[in-house]
Structures are given as structure tokens and as C-alpha cells.
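A.B. asks: give me coordinates for this.
(chains A and B)
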There are 2 protein chains.
Amino acid sequence: MSRPHPQALIVFCHPEPHSFNGAMKDVAVKTLQRQGYSLEVSDLHAEGFDPVEGAAHYPERAELATFFPLTEQRHAFESGTLPADVQREIERLERADLVILQFPLWWHAQPAMLKGWFDRVFVYGGLYSGRMRYDRGRFPEKRVMLSVTTGAPAPTFTRHGRSGHIVALLWPIHYSLYYLGVSVLPPQVTYGVQGGGLSYEAEATFRQRLEAEKAAWAQRLEGLDNEAPISFAGWDDWDEQGMLKAGHPDFWQL
Amino acid sequence: MSRPHPQALIVFCHPEPHSFNGAMKDVAVKTLQRQGYSLEVSDLHAEGFDPVEGAAHYPERAELATFFPLTEQRHAFESGTLPADVQREIERLERADLVILQFPLWWHAQPAMLKGWFDRVFVYGGLYSGRMRYDRGRFPEKRVMLSVTTGAPAPTFTRHGRSGHIVALLWPIHYSLYYLGVSVLPPQVTYGVQGGGLSYEAEATFRQRLEAEKAAWAQRLEGLDNEAPISFAGWDDWDEQGMLKAGHPDFWQL
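C.D. replies: Model prediction:
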């Protein structure tokens, strides 16, 4: 571990605590605690996080006539009037050396609840700005990782699979993380997680596989400190138009 | 137009009615009406749409012990107990020949509000199922199109641009539409839309460009009936494992 008393934050997004996503979150909590981490959990559904960015969150507006989200985010950050839930999530983020986002893939992306956590918590003028992005971002020391479940089985998420290449589906979410300047660890993807008797497998096979997935997750977390992040471009790689300079490695490896 | 009295639905997602997104929505309403369309607008923020899928929406549960979203969606659809807002949005969708989703790209995807419209309105067992997906989907006659604004300028959204390839960023959203079986028209992307004085250009240049963007949008909408949808794979293209059969065209054109 990089620090003597490392801190982890798990952002958990599932409406059902007894879901497989809930179990994966519990595995992470236990395993990381055993590794010496202090743990915090943002349980977005249990805490009733409001995912909708809008004027209602900004009673002290910088610009009254028109609501410009970025203008109000920056103003609220600078004047210390951020909404309490956003302030709390930023503080949790700031404390964390390692962040795990645990969620099911719904409609080819994060559920709205977690998407709104991005929309509201990644505050313009506070967590990023035109100058403070990518490898000049706010959080160069943090490591962030997605732990995702899918409904459909693994082969359909390959390069030419029917469900769409998982690398491409997670790519926009990873991009948001690159933007913040964190190190992004390869995602943990658990395929074929269908609750409520909708599984593609016989019930016993399904349960057995999920137990094995939990064990594999625990094992991976035990060795996480030795993992290397996904490579990504930085300011030295781009020209003045914001395009990759000739000869620079192509980080867009879909 | 394919029908004598065609119907269009605009799903508008921006917290500020006087935003550029609002203006693009207004252009679409006026232009399509002039083309003979009947218009409906789902104004998600104004109507206070709840984007969070969860147990609270299902007072009459199929499964009490554990909340399985798909199980409850199917049960509510079949028993006629869908939440009123979801029922309303489905009816709007069903009436529409053309659907336009008007939104700003926030954190590399739709805002949470619109993502939740996908999560809650695209009801399992009603709008799709294992058998009713892709080219066997529920809505083969509908045409759907994204109209998106970005903050950063156009060159950064090219193949190797700093902001990420726009085709790849919109790809997961398009995938959700392919899943429903609709025809997806190429997106309308308006780059470099920064409100509140954050624009990359001088104010006058910026305003002038936005006027030109609105005019181009109106012009495109006038010829929309002649546009061909984006090609996408279907069941005949996939093998039993859900992977593209050898020799079939690669529709994953990133």
C-alpha cells in the first residue's frame, strides 16, 4: 500500500441491498479492511442521493436570469455554498486513495443515480477546470476502478458480440475518470448476473458461479496494490487543436 | 413523410428552458410542425421526471423479499400497474413516428435525468424482452435521433481528439436504441456550446455561430424524411453465442 493508513471509498449504486451488486460491495468492504484500508461507502440509493443537476440546488445564484450549470457549480464551490450532499461526496472522494464504483450496467451505461453522482459531484471550478484536467487533473494520486455487472453472458460482450464490446461500453465512463486525472484500474466485470429467475443458467449453476465470482473479486482485491493502471494520453500527446500528435501512441485502444 | 399525419416526440433534457438546447428544441418544434408533423414534447425537467429506478415505484410487488428491477417492470407492465409517468412516456413513444432526444453531453453521456428516462421507460417485458430486441424489437417503424451539444470544440471530438471520438461517446446510447429495434438516424452534434461566458470564442462570434447552427438544424429537419438510418446488425448476423458470424459486415464502425 502506498500509505500507512490507506483509505478506500466504495460508491455503491443498486436499489436492492441484497442484490449481487450488494454482495460484491460487501466483499470489497471486508477484503479491503483486512488489507488495512479504512472504508467509507456512499450508498447512493440508501442515502437518497439526488442525481438531477438543476437550479434548485443553487439558492445563491451567480447568474439569476439563466441557469448555467458550470457557472453555478464554480460559484458555489468558490463561495462555499455547495449543496450539502455534494460537499459530503467531495470530502469522501478527497479522503480516498482508492475508489471503487460498484454498479450494474443498465442501458449500456451507469444507472441514472450514479450518472447523476458524476453530473453533480464532479464540480466545475473545484474538481476540474480547463487547466485542471487529464494528467494535470485534481487527483493524480487516486486509483479508481469500476466493478460492473451485466445481464447478458460474457461472449456477447466481446469485440463483435451482440451486446456490444465491453471496452467500448465502459470507455465513456473511463473517459470521465481520465478527465479528473485519476489512475484508472482495469474494470472488474461480472457477466450474466440476472436476478429474479431470469438467469441464462440453471439456478444451482448460477448460484455456484456467483460464489466463484465473489471469491475471484476478493482475490483480485488482495493483490490490487500491485496492479498497473490503464495507459492514457496527456497534454504532451496533444497538439494545439486538441488532437493526438503524429507518432504518439494511440491510447484509444478499442 | 411515411404517414399522412406523422407524429413527432421531442424528449428535451436541460434544466434551463432558455439554454441553447431549449432553442434547438424550439427550432425542431416549429420546423416539424411546418412539415406537417403533430408534436409532443417530454420536457423532463419541467415535468419533474424521476430518473431513479427503485422499489418505491412498485407498490404492488411480484417479489417482496428482494427488489429485482426487471421482474417488477415486467409484472407492472403485465398487471397494468406501471407508474403513471412511465405509462405516459410509453404512450408518447408509441404515438411517435419520429423521436428526437435533445440534450447536452454531460460527463461523456446523457445527463442523469435522460439516462433515467431510459432506465425507467424502456420497460422489460413491455418495450423489450429476450425475444423482442434488435431487428425483432418493439418499434421497427420508428426513427430516433440524438441532437447533442458539447462544451469543447469540434476538433477535440475527432477520432484521436482530446475530448474523445464523438462516435464512440454516443455509441452506447445508440446501442440502447438499436436494442429497442428503432431506426437510428445520424446524430446532430453542435460543438462548443458553452453558456455563461465560458465559450472558447468572442461573444459575438459565438452568438453568430449558434444562430448558424440553429439554421442548419432547421434545414436538416426539412429533409429528414429522405435520410437513411445508421446500419446495424441483426439476428441473422449473430451465431448462437451472440457473436458476429464470419464474413458478416462489421457494424461496429469505430
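
A.B. asks: please report phi then psi for the closest residue in space to A:Q241 that isn't next to it in sequence.
C.D. replies: In space, and not counting its chain neighbours, A:Q241 is closest to B:P155: 4.4 Å by Cβ to Cβ, 6 or more residues apart in numbering or on different chains. Every C-beta, even on glycine, is put in place using the N, C-alpha and C of the backbone. Taking degrees, to the nearest 10, you get phi -60, psi -30 for the backbone angles of B:P155.

A.B. asks: how about the CA coordinates for stretch A:152-159, as PDB?
C.D. replies: Provided in PDB are the C-alpha atoms of stretch A:152-159 (Å, rounded to 0.1, in the frame of the first residue of the first chain):
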ATOM      1  CA  ALA A 152     -26.200 -10.900 -20.800                       C
ATOM      2  CA  PRO A 153     -23.400 -13.500 -20.800                       C
ATOM      3  CA  ALA A 154     -19.700 -12.900 -21.500                       C
ATOM      4  CA  PRO A 155     -19.300 -13.900 -25.100                       C
ATOM      5  CA  THR A 156     -21.900 -11.300 -26.200                       C
ATOM      6  CA  PHE A 157     -19.700  -8.500 -24.800                       C
ATOM      7  CA  THR A 158     -16.600  -9.400 -26.900                       C
ATOM      8  CA  ARG A 159     -15.300  -7.300 -29.800                       C
END
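
A.B. asks: pLDDT (mean, whole number) over it?
C.D. replies: Summarised as a single mean, pLDDT over stretch A:152-159 is 93.

A.B. asks: I figured A:V121 hits A:L127, correct?
C.D. replies: Yes: A:V121 lies in contact with A:L127 (Cβ atoms under 8 Å); the separation is 7.5 Å.

A.B. asks: list the residues that contact both of the two?
C.D. replies: A:90, A:93 (Cβ atoms under 8 Å, 6 or more residues apart in numbering or on different chains).

A.B. asks: circling back to that earlier point, what separates the residue nearest to A:Q241 from A:M243, distance-wise?
C.D. replies: Counting by Cβ to Cβ, to the nearest Å, the gap from B:P155 to A:M243 is 6 Å.

A.B. asks: could you do A:T156 as well?
C.D. replies: From A:T156 to A:M243 the distance is 33 Å (Cβ to Cβ).

A.B. asks: those two: which is more packed in?
C.D. replies: Each of A:T156 and A:M243 has its neighbours counted (other Cβ atoms under 10 Å in any protein chain shown); A:T156 has more, 21 against 18.

A.B. asks: is it true that the more buried one lies in a strand?
C.D. replies: No: checked against DSSP: H, G, I helix; E, B strand; the rest coil, A:T156 lies outside a strand; its state is helix.

A.B. asks: coming back round to it: which ones are touching the residue nearest to A:Q241?
C.D. replies: Contacts of B:P155 by Cβ under 8 Å, 6+ apart are A:241-243, B:161.

A.B. asks: do a quick rundown of the strands in chain A.
C.D. replies: Applying DSSP state E to chain A gives strands spanning A:7-12, A:38-43, A:98-104, A:143-149, A:183-184, A:188-190.

A.B. asks: what residues does the stretch 1-150 of chain A have near chain B?
C.D. replies: Taking Cβ under 8 Å from any Cβ of the partner chain as the measure of proximity, the stretch 1-150 of chain A contacts chain B at A:15-16, A:18-19, A:45, A:51-55, A:63, A:65-71, A:106-113, A:115-116, A:118-119, A:122, A:134.

A.B. asks: which of those residues fall within helices?
C.D. replies: Residues of the residues of the stretch 1-150 of chain A next to chain B located in helices (DSSP state H): A:69-71, A:112-113, A:115-116, A:118-119.

A.B. asks: rewinding a little: which residues do B:P155 and A:M243 both contact?
C.D. replies: Common neighbours of B:P155 and A:M243 (Cβ under 8 Å, 6+ apart) are B:G161.

A.B. asks: who touches the nearest residue to A:E53 once chain neighbours are set aside in this structure?
C.D. replies: Nearest non-adjacent residue to A:E53, counting by Cβ to Cβ, 6+ apart: A:D119, 4.7 Å away. By Cβ under 8 Å, 6+ apart, A:D119 lies in contact with A:51, A:53, B:106-107, B:111-112.

A.B. asks: distance check, A:P15 against B:F68.
C.D. replies: Relative to B:F68, and taking Cβ to Cβ, A:P15 is found at 10 Å.

A.B. asks: what count of nearby residues applies to A:S231?
C.D. replies: 10.

A.B. asks: before we move on, what about A:A228?
C.D. replies: A:A228 - counted by other Cβ under 10 Å - has 8 other residues nearby.
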